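Colleague: Just need the structure, nothing else, for what follows:
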Amino acid sequence: MSDASSLANLDPTRVDPERLNLILQESGWRVIGQRKNLYVRLSPPGEDRQSVLVPLDRQAPEYFEKMHAALLLISHFVIRNMLDANISARLVADPADTFLFRAESAAPSGLIAWTHGERLIRSSRRVLVAGAKTHLERLKYFGNRFGQFANRYLDTVLMGQTAPGSYIVTAFTPANGFVQISNTRDDESQPMFRLPSEAASTRSIGVSVMKGAAASKEAIEHYRSHASLSGFDDLVSEGISYEMTTALTDLLSGSDGADISVEWDPALDAPFRVPDNSIEFRPSDAEILTRASAQLAATARPPARMTIMGRVHLLSQREAGGPGIIGIDNLSPGKPRKLRAHLSDDDYHMTLKAHDRNDAVVVQGQVEREGNIHWMYDARLITVLGEIDGIEAQIKEGSTENIPGQLEFGE
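Modeller: The predicted model follows:
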């Protein structure tokens, strides 16, 4: 169903008139007359002689008839003049900030190369993920770190329709939502109720997205002026990362230029200390971003690769044949007490058998911390040891030299 037909069929009882007024003005409609708390008359972009009356007083006798007529007229203008295609989505949804990812294309108007369209959606997702990660910590290179948190943020995002004749990916992010920093629902050691300090607001994450993109643009201009990539290192504290620069390179790939913009939902006060609401990139920026990505990755501190020995206390597999997640009570001294690891299907089932026999397991992978949880990525099962009680006895006696879990491996 198109946005225009959605508008025409909206139940007037679901429409907040003040919100409709604000959204129309944000979309370029002009106020040409009004009576406070009673109505506002707006003219659509490019129209001088026609207008729509939006009723504001829900208690007025003819409010619902007038609102229905207003929605019909607005839908007519949307169809005829190819105006904002996301009005209805913004009306019925909770307050949401609107991110627009646009790439210029040489294809005829209204068309885009298939692979270019797929890349535009993929790169838009990657920019949001990179911004979400920098909200938790400012690093040159994240790898898998904070991946769970970024995915929880993406779960709150809705994708809107693209504007007619353009190449724009629209993302609606909740303006007043929250994302848990740690996903500890199946960890009995964590409290049932989460503290506000353990969650990040979705709007603040959105601010981090724009800050990272703006810092990248600033570093590009620094390179053009000084022929030095030092600006990228200097602005890691502002949100630049390997993940952000590679996402922006992907956004520019095959395009004639691209930009990222945001419209902060007017239902909430606009955030303070944010960069420009629109950030433009030129095709030639892609080469600079590629060089910067290589430098950030080369100078970043790689995640620790460890071998962990312990007891399996958690087993979770969403679908047969897919990767499984295990939780390990670590018995290796001087290392995280609890970890979780993603394992291949074969390793997962061997671990399941070890759990049933109460055997200790040895698992190796890259250990990265996300919130209160240590995750092991690129993990593999090294071996299954004997019964756990006997190994614990060795540890208590201090005879741990021959336990494989004491080893650490470099990259």
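Colleague: What segments of the stretch 101-250 of the chain are strands?
Modeller: Ranges of strands in the stretch 101-250 of the chain, per DSSP state E, counting those that start in this stretch, are 158-160, 168-174, 178-180, 199-201.
Colleague: Quick check: which of those strands is buried the most?
Modeller: strand 168-174 (a mean of 22; mean count of other Cβ atoms under 10 Å). For every residue, glycine as well, the C-beta is placed using N, CA and C.
Colleague: what distance separates that one from the centre of its chain?
Modeller: 10 Å (Cα atoms, centre = their mean, to the nearest Å).
Colleague: do the same with stretch 325-333
Modeller: Using Cα atoms, centre = their mean, the offset of stretch 325-333 from its chain centre is 29 Å.
Colleague: Return the set of buried residues in it.
Modeller: For stretch 325-333, the buried set under the neighbour-count rule, 16 or more other Cβ atoms under 10 Å, comprises 325, 326, 327, 328, 330, 331, 332.
Colleague: Can you get me the start-to-end distance on stretch 365-381?
Modeller: Start-to-end span of stretch 365-381 (Cα to Cα, to the nearest Å) is 9 Å.
Colleague: Distance from that stretch to the middle of the chain?
Modeller: 20 Å.
Colleague: So residue 173 is in contact with residue 157, correct?
Modeller: Yes. With contact defined as Cβ atoms under 8 Å, residue 173 reaches residue 157; the gap is 5.2 Å.
Colleague: joint contacts of these two?
Modeller: When contacts are counted by Cβ atoms under 8 Å, 6 or more residues apart in numbering, residue 173 and residue 157 have residue 128 as shared neighbours.
Colleague: quick one: the helices in this protein?
Modeller: Remark: helices assigned in the chain by DSSP state H are 3-8, 17-26, 63-81, 87-92, 114-136, 147-154, 202-226, 230-234, 242-252, 285-299, 345-357, 388-397.
Colleague: For the fourth one, give the mean pLDDT please.
Modeller: Looking at helix 87-92 alone, the average pLDDT works out to 68.
Colleague: Direction included, what does the biggest strand by length in the chain pair against?
Modeller: In the chain, with assignment by DSSP state E, the single longest strand is strand 373-387. Strand 373-387 sits in its sheet next to strand 338-343 (parallel), strand 359-370 (antiparallel), going by DSSP bridges.
Colleague: closest one to residue 181 among those strands?
Modeller: Nearest of the strands paired with strand 373-387 to residue 181, taken as Cβ to Cβ: strand 359-370 at 7.8 Å.
Colleague: got the angle for the closest one vs helix 345-357?
Modeller: 120 degrees (axes from the mean of the first three to the mean of the last three Cα atoms, to 10 degrees).
Colleague: now strand 359-370, how far from the centre of its chain.
Modeller: Using Cα atoms, centre = their mean, the offset of strand 359-370 from its chain centre is 26 Å.
Colleague: Could you do stretch 31-42 as well?
Modeller: Using Cα atoms, centre = their mean, the offset of stretch 31-42 from its chain centre is 38 Å.
Colleague: CA atoms only for that stretch, dumped as PDB, please.
Modeller: C-alpha atoms of stretch 31-42 as PDB (Å, rounded to 0.1, in the frame of the first residue of the first chain):
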ATOM      1  CA  VAL A  31       1.500  28.000   7.200                       C
ATOM      2  CA  ILE A  32      -0.800  30.500   5.500                       C
ATOM      3  CA  GLY A  33      -3.400  31.000   8.200                       C
ATOM      4  CA  GLN A  34      -4.300  29.700  11.700                       C
ATOM      5  CA  ARG A  35      -6.400  30.200  14.800                       C
ATOM      6  CA  LYS A  36      -4.600  29.100  18.000                       C
ATOM      7  CA  ASN A  37      -5.900  25.700  19.200                       C
ATOM      8  CA  LEU A  38      -8.600  25.600  16.600                       C
ATOM      9  CA  TYR A  39      -7.000  25.100  13.200                       C
ATOM     10  CA  VAL A  40      -4.000  25.700  10.900                       C
ATOM     11  CA  ARG A  41      -4.100  26.100   7.200                       C
ATOM     12  CA  LEU A  42      -1.100  24.900   5.200                       C
END
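Colleague: Mind listing what's buried along that stretch?
Modeller: By neighbour count on 16+ other Cβ under 10 Å, the buried set for stretch 31-42 is 39, 40, 42.
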